[in-house]
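Trainee: Build me a model:
(one chain, ligands or ions: 2)
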Amino acid sequence: MADRLIELREVTKSYGRVFALGGVNLHVDRGEVVGLIGDNGAGKSTLIKILAGVVKPTAGAILVRGKEVHNWNGARSRDAGIETVFQDRALAVQQTIVRNIFMGREIAGGLGFLRIRKEHAEAERLMREIGFTSKVFTPESIVGQLSGGERQGVAIARAIYNKADLIVLDEPTTALSLTETEKVFRFVRAVRASGRSILFIGHNIHHVHDIADRFVVLDRGRVALEASRAEMDTAEKLIAFMEHVAHPKGVNAFDPSAAVLEIRQ
Ligand SMILES: Nc1ncnc2c1ncn2[C@@H]1O[C@H](COP(=O)(O)OP(=O)(O)OP(=O)(O)O)[C@@H](O)[C@H]1O
Ligand SMILES: [Mg+2]
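Mentor: Numbers count the residues shown, from 1 in each chain. Ligands and ions are numbered 1, 2, ... in the order given. Predicted coordinates for the structure are as follows:
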């Protein structure tokens with residue numbers, strides 16, 4: 001078996017009579033970038049909230065390095081080395097890069113000024129590690145002055161400081177320009193080169209295709225496709241598949257009522 005980091009088996013999540021996830025199998029191996037795609041309401045956010053331990057699955061199993069972990073929660077998710085960069089509450093924009101990286105988990109020991117020096121050096125090291133080099137910014141720069149792609153870099157650096165083995169990025173390139181998207185890709189490639197894994201959630205299939213080694217397409221709470229980059233070697237193939245899934249005969253997936261699985265009684 002490949003170097004399996006995390007695996008979901010038959011994970012289901014229902015909200016009352018609505019299934020947000022209807023039996024999802026998904027795994028991420030060490031050192032790979034998995035692209036998770038799907039229309040609005042497909043269940044992507046629900047899936048990553050389950051991985052982060054903030055939403056409890058209704059049924060199913062979660063395995064870490066091949067072993068099932070019971071009573072999955074936020075602490076167990078962090079212990080498993082999963083760090084999620086949520087889209088909205090990722091960073092404190094009025095604070096410095098250093099403050100953002102160490103927020104809540106300051107380097108221990110030493111007097112104030114010593115700790116600050118250590119954190120500064122560690123922030124520089126982390127930024128170098130992910131290829132975040134800048135002639136303009138230092139670890140003392142305010143995050144609000146950074147571009148969108150660079151902010152993702154700060155969040156990724158923080159995840160690495162928090163000992164992430166798997167970094168989950170929720171739509172990291174949505175609303176970013178091409179140049180900024182390229183920056184995020186550079187960080188993602190550096191993370192992969194270090195042997196860590198990335199779960200990359202995206203709306204833009206071209207973006208996901210450019211960066212992921214493997215693709216998982218969610219459709220109305222189920223995995224509609226799992227394919228390697230070799231199988232889906234062009235974004236167009238992936239798009240063609242998505243269109244086939246999104247517009248099956250007689251069903252309009254953009255109708256929100258069609259975007260969930262109803263329990264039939
Ligand atoms: N707290 C909740 N209560 C009830 N239904 C929910 C809840 N959270 C999600 N759902 C439903 O579950 C389904 C999956 O939602 P989810 O947010 O996971 O989709 P998504 O793929 O992230 O969509 P988007 O691309 O719009 O972010 C949707 O039909 C949604 O309405
Ligand atoms: Mg979502």
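
Trainee: ok and the residue in this structure nearest ligand 2?
Mentor: Distance from ligand 2 to each residue of the chain (Cβ to the ion) is smallest for S45, at 3.1 Å. (C-beta placed from N, C-alpha, C; glycine too.)

Trainee: Need the nearest residue in space to that residue, chain neighbours excluded.
Mentor: Counting by Cβ to Cβ, 6 or more residues apart in numbering, S45 lies nearest to D170, which is 7.1 Å off, once chain neighbours are set aside.

Trainee: same thing with R229?
Mentor: For R229, ignoring the flanking residues on the chain, the nearest one in space by Cβ to Cβ, 6+ apart is D213 at 5.5 Å.

Trainee: got it, and G31?
Mentor: G31's closest residue in space is G195 (Cβ to Cβ, 6+ apart), at 4.9 Å.

Trainee: swap in V24?
Mentor: In space, V24 is closest to V11, 4.7 Å off (Cβ to Cβ, 6+ apart).

Trainee: just how off-centre is stretch 20-40 within its chain?
Mentor: Centre-to-centre, stretch 20-40 and its host chain are 10 Å apart (Cα atoms, centre = their mean, to the nearest Å).

Trainee: End to end on it, go ahead and measure it.
Mentor: Counting by Cα to Cα, to the nearest Å, you get 11 Å between the two ends of stretch 20-40.

Trainee: do that stretch and ligand 1 meet at all?
Mentor: Yes - against ligand 1, stretch 20-40 shows contacts by Cβ under 6 Å from any ligand atom at 20, 38, 40.

Trainee: list the contacts for K49?
Mentor: V55 (Cβ atoms under 8 Å, 6 or more residues apart in numbering).

Trainee: for ligand 2, what are the nearby residues on the chain?
Mentor: Counting by Cβ under 5 Å from the ion, the chain comes close to ligand 2 at 44-45.

Trainee: mind listing the helices in the stretch 1-150 of the chain by residue range?
Mentor: For the stretch 1-150 of the chain, the helices defined by DSSP state H, counting those that start in this stretch occupy 44-52, 74-79, 97-102, 112-129, 148-161.

Trainee: Take these and write them to CSV, including mean pLDDT and distance to ligand 1.
Mentor: CSV is the format used below for these (pLDDT from 0 to 100; distance: least, Cβ to the nearest ligand atom, whole Å):
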stretch, mean pLDDT, distance to ligand 1
helix 44-52, 96, 3
helix 74-79, 96, 17
helix 97-102, 95, 24
helix 112-129, 90, 29
helix 148-161, 94, 18
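
Trainee: Poorly predicted segments of the stretch 101-250 of the chain, please.
Mentor: The model of the stretch 101-250 of the chain has pLDDT under 70 over residues 109-110, 246-250.

Trainee: what do you get if the cut-off is 90, keeping everything else the same?
Mentor: 103-117, 133-136, 174-175, 203-204, 241-250 (pLDDT under 90).

Trainee: mind listing the strands in it by residue range?
Mentor: For the stretch 101-250 of the chain, applying DSSP state E, counting those that start in this stretch gives strands covering 166-170, 197-202, 214-219, 222-228.

Trainee: So for F137, which of the ones you listed sits nearest?
Mentor: Minimum separation from F137 across those (Cβ to Cβ) falls at strand 166-170, 20.8 Å.
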